[in-house]
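Chemist: requesting a structural model of the entry that follows:
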Amino acid sequence: MVDGSNGQKEEKWIPAEKALADGLTLVDFSDEWTPYLFEEQRDQEGKLLPNRYRRVFIGLANDQLDSDGEPLDAGSKNYLELYGIFPSFSVLRERFLKDEAQSCIDPESAADLQAVKAVSFPSLAQQRRDAIRQPKIGKELEKARLASRVETLDELADKQPKLAPKIKEYQRWSSAGKAVAAAEKRLICEGFLTPPEQVPAKARNTKHQMGVQDPPFSNALRRFQQKHMIYEGHALRPKTLAALSRPTLDNDHEGLLRALRERVIAAADVLEDGSTDTKSGPPTYQNKAGERIPMRNLAEEYTNAAVVQLGFDKPEGALAFFKRHEAKAFKRFRAAVKFAPRPEYYSAHMELSIVVDRGDVYYDPWFDDKDHWKYPVRQRFPSLTLYADYQGQKLPLVRWRTTIGGWRAEQGSNGYEYYRYKGSDVGPRVLRKVSAGPVWIAPESTPIRGLVKNKKVNGRYQNVVNYDELGPGYLSAYGVVAGYFVIPGQGDAPDVDRGIRAHGSSDYLSMYSANGYSHGCHRLPNHLAIRLYDFILQHRNTIVHGDAPMDFARQFLLSDQVYEMRIPSRGFEFELDPPMSVNVLEGNIKGTLQKPVEGPVPKPGVRYPPSALPPEDEVDTISTATQRARAAADKGAP
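Modeler: Numbers count the residues shown, from 1 in each chain. This next block holds a predicted model:
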């Protein structure tokens, strides 16, 4: 983009070689763009190495394939930003052109949405009770207001303090109702929610009741949040309310900026995103001249530079761009952008290392002696930091929230489910192998119910093997990429793999909620995991092994139906040579137990037969709840 004679930016096409010679960076807008992890790789002899997940990744980004790699239903959309797969520029173009004619918002609805900070999600029974009780309260308060000769209910509360709690509760209910109505209107306009009168009679179970936060409303809200990359758990919370109150083009513009950011970070080969900043500002380092230099937020800096240079700083500029170019143009499309030089500590090979701080750690079971579930309160959460060694300094490039293990459900060999503490290893490790599009081989202890999903196949819903959980895929246990944390083998001995990974995950609440844990691995949102391993692989000596074939098959039984699981590959593998240093810190051990429990613990509220309880010698090390469960079984409990 260049400055035209009329003062407006104009497009100019130049050879890619000239752009590079002029110091510009080529940002790929093509529909077949993928992160480095899924780019076409070649072995040392130049032979192309096929990546099984590349085709699916591209199909998902272009709204062409579903999570199983099968054709997407006509008119269906994926909305996978929350899960690390951003829409292609063709998909974004379609949104802009469609939404030019519909804002899906009006001043009254926007005001109703902006009038609340959040809307609670009461049970359906509570909503029904409120729908009967609150209007009666409103009439009572209106009668009292007229009798008191005041203009508003707030004035009534000042004049009659005894009515203040009732007024506050009524106003909360009334404001929430208006916000829900405005949200319904928006969700219907965007096609996420079907008006009740348009639901076919045979689909009554999917019919939404206007004014009620029911499952159809929740599902529609979830899709809206997925489209706009909002981590708020299907509820009307601040970011969701803000997005619902913005015109569609403004939201489309935000989506474009998010997609552009990932492509800019990949093209510029940078990582720093300001996540290591503290209240006193960014960390600093000493440069070759002896000066203290603050670490830059390169992700933001370079994205902003691209936005300004390309004329994407306003929704109108982005819309004009998409109007100038047909969808087919994005089959092969690159934009040349000028970025400021990267910091001097950058090089082709960088001494990188990872430190995981486990934060506050509790080994005690998360339920009390009365079987009440109770999560421990943590002040410090787990974090993963990537460091770069530069002239004797350890520079933190990024620091992201992650997970550690905790108490998880596990199926015993006797068929009963228990809880077991699935901890995270502590101490020095190395990162040697990175797998793009990894698979998770479900152990025999995995609850069978999680290995099956219900899916529409040939026009009807049926139970099938849940490859979403197994992978490869954005919903899999390892997400779209996993790095293996192992104890390095000594001499000719192989590495010791205790099953701990730092991997992508679709379970964003396990990373961002106060009560989020893993099965022992260190999870990252898929898009951050992609950034991390893209950067590491391009700044370390790497051997590309390619597809790791395997012939895994397993049959299992659920509800008298036999399922067969087949996994042909472990993923597309890269090897770091030499491996990269990893250190997992112990963290702050809190609670009563100072060491993790080794054995299984009966699930709260479940009664087991005597033969299904843990061995006697484990009772004292587990909890009083176990002793109570054993006592109940001894009395003949079923």
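Chemist: any stretches of this protein with poor pLDDT?
Modeler: In the predicted model of the chain, residues 369-371, 612-638 satisfy pLDDT under 70.
Chemist: which element is N219 on?
Modeler: In the assignment (DSSP states H and E), N219 maps to helix 215-227.
Chemist: buried ones in that helix, by neighbour count?
Modeler: 216-217, 219-227 (16 or more other Cβ atoms under 10 Å). No exception for glycine: its C-beta is placed from N, CA and C like everyone else's.
Chemist: quick one, helices of the stretch 101-250 of the chain?
Modeler: 107-114, 124-148, 153-159, 164-189, 215-227, 238-244, 248-268 (DSSP state H, counting those that start in this stretch).
Chemist: give me the most central residue, the chain.
Modeler: Y508 (3.8 Å; Cα atoms, centre = their mean).
Chemist: quick check: it touching P525?
Modeler: Yes. The pair Y508 / P525 is scored as a contact, 5.8 Å apart, by Cβ atoms under 8 Å.
Chemist: against D43, how distant is the residue nearest to the centre of the chain?
Modeler: Y508 sits 35 Å away from D43, going by Cβ to Cβ, to the nearest Å.
Chemist: same check, this time on L431
Modeler: 22 Å.
Chemist: and those two? which has more neighbours close in?
Modeler: For L431 versus D43, neighbours defined as other Cβ atoms under 10 Å are more numerous around L431 (22 against 12).
Chemist: which ones are touching that one?
Modeler: Counting by Cβ atoms under 8 Å, 6 or more residues apart in numbering, L431 touches 354, 483-486, 502, 536, 576, 579-582.
Chemist: equivalent analysis for W407, please.
Modeler: W407 touches 365-366, 419-422, 517, 601, counting by Cβ under 8 Å, 6+ apart.
Chemist: among those residues, name the ones in helices.
Modeler: Secondary structure from DSSP state H places none of the contacts of W407 in helices.
Chemist: farthest pair in the residues you listed?
Modeler: Y517 and V601 (15.1 Å; Cβ to Cβ).
Chemist: how much space between the residue lying farthest from the centre of the chain and K159?
Modeler: Taking Cα atoms, centre = their mean, the residue of the chain most remote from its mean C-alpha position is A147, at 53.8 Å. A147 sits 10 Å away from K159, going by Cβ to Cβ.
Chemist: now do the SS call for F556.
Modeler: strand (DSSP: H, G, I helix; E, B strand; the rest coil).
Chemist: beta-bridge partners for it, please?
Modeler: With DSSP bridges as the criterion, F556 is bridged to Y563.
Chemist: wait, what's in contact with it?
Modeler: Per Cβ under 8 Å, 6+ apart, neighbours of F556: 448, 451, 562-563, 565.
Chemist: can you mark which positions in stretch 75-90 are buried?
Modeler: By 16+ other Cβ under 10 Å, the buried positions in stretch 75-90 come out as 77-90.
Chemist: return the distance of it from the chain's centre.
Modeler: 13 Å (Cα atoms, centre = their mean, to the nearest Å).
Chemist: got it, and stretch 234-244?
Modeler: Chain-centre distance of stretch 234-244: 17 Å, with Cα atoms, centre = their mean.
Chemist: same question for stretch 304-312.
Modeler: 27 Å.
Chemist: about what we covered before: and which of the contacts of W407 is nearest P315?
Modeler: The nearest member of these to P315, counting by Cβ to Cβ, is Y517 at 39.9 Å.
Chemist: rewinding a little: shared neighbours of Y508 and P525, anything?
Modeler: Counting by Cβ under 8 Å, 6+ apart, the shared contacts of Y508 and P525 are L82.
Chemist: which ones among the buried residues of stretch 75-90 lie within strands?
Modeler: Using DSSP state E, no member of the buried residues of stretch 75-90 sits in strands.
Chemist: what segments of the stretch 401-550 of the chain are strands?
Modeler: Assigned strands in the stretch 401-550 of the chain, in chain order: 407-411, 417-421, 427-436, 452-457, 460-465, 481-487, 496-505, 522-525, 542-558 (criterion: DSSP state E, counting those that start in this stretch).
Chemist: can you give me the helices in the stretch 251-400 of the chain?
Modeler: 298-310, 315-324.
Chemist: would CSV of the ones you listed with mean neighbour count and distance to L26 be doable?
Modeler: Shown next, in CSV, are those (neighbours: other Cβ atoms under 10 Å; distance: least, Cβ to Cβ, whole Å):
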stretch, mean neighbour count, distance to L26
helix 298-310, 19, 11
helix 315-324, 17, 17
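Chemist: can you tell me which of these is nearest to R342?
Modeler: Closest to R342 of these is helix 298-310 (Cβ to Cβ; 7.1 Å).
Chemist: the spatially closest residue to L395 that is not a sequence neighbour: neighbour count?
Modeler: Once flanking residues are discounted, L395 sits nearest to A388: 4.7 Å by Cβ to Cβ, 6 or more residues apart in numbering. Here the number of neighbours of A388 (other Cβ under 10 Å) works out to 21.
Chemist: gap between A388 and R222?
Modeler: For A388, the distance to R222 equals 38 Å [Cβ to Cβ].
Chemist: what residues are up against the closest residue to the residue nearest to the centre of the chain other than its chain neighbours?
Modeler: Closest residue to Y508 apart from its sequence neighbours, by Cβ to Cβ, 6+ apart: Y231 at 5.2 Å. If a contact means Cβ under 8 Å, 6+ apart, then Y231 has 82, 225, 239, 508-509, 512 as its contacts.
Chemist: wait, which of the helices of the stretch 101-250 of the chain is closest to V597?
Modeler: helix 215-227 (35.6 Å).
Chemist: what lies in contact with the closest one?
Modeler: The contact list for helix 215-227 (Cβ under 8 Å, 6+ apart) reads 77, 79-83, 121, 180, 183-184, 186-187, 190, 192-194, 206-208, 230-232, 234-236, 240, 243-244, 251, 255.
Chemist: can you add distance to K394 and neighbour count and give the contacts of F556 back as a markdown table?
Modeler: Output for the contacts of F556, formatted as a markdown table (distance: Cβ to Cβ, whole Å; neighbours: other Cβ atoms under 10 Å):
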| residue | distance to K394 | neighbour count |
| --- | --- | --- |
| I448 | 46 | 16 |
| L451 | 43 | 18 |
| V562 | 54 | 8 |
| Y563 | 49 | 16 |
| M565 | 44 | 17 |
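Chemist: nearest to V457, of the residues you listed?
Modeler: Minimum distance to V457 across the contacts of F556 is 13.7 Å, recorded for Y563 (Cβ to Cβ).
Chemist: isn't that closest one right next to Q555, touching?
Modeler: Yes. With contacts counted by Cβ under 8 Å, Y563 reaches Q555, the gap being 6.9 Å.
Chemist: check contacts around V452.
Modeler: V452 touches 463-466, 558, 563, counting by Cβ under 8 Å, 6+ apart.
Chemist: report the buried members of these.
Modeler: Counted by 16+ other Cβ under 10 Å, the contacts of V452 give 465-466, 563 as buried.
Chemist: CSV for the residues you listed, including distance to F381?
Modeler: Shown next, in CSV, are these (distance: Cβ to Cβ, whole Å):
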residue, distance to F381
V465, 34
N466, 29
Y563, 37
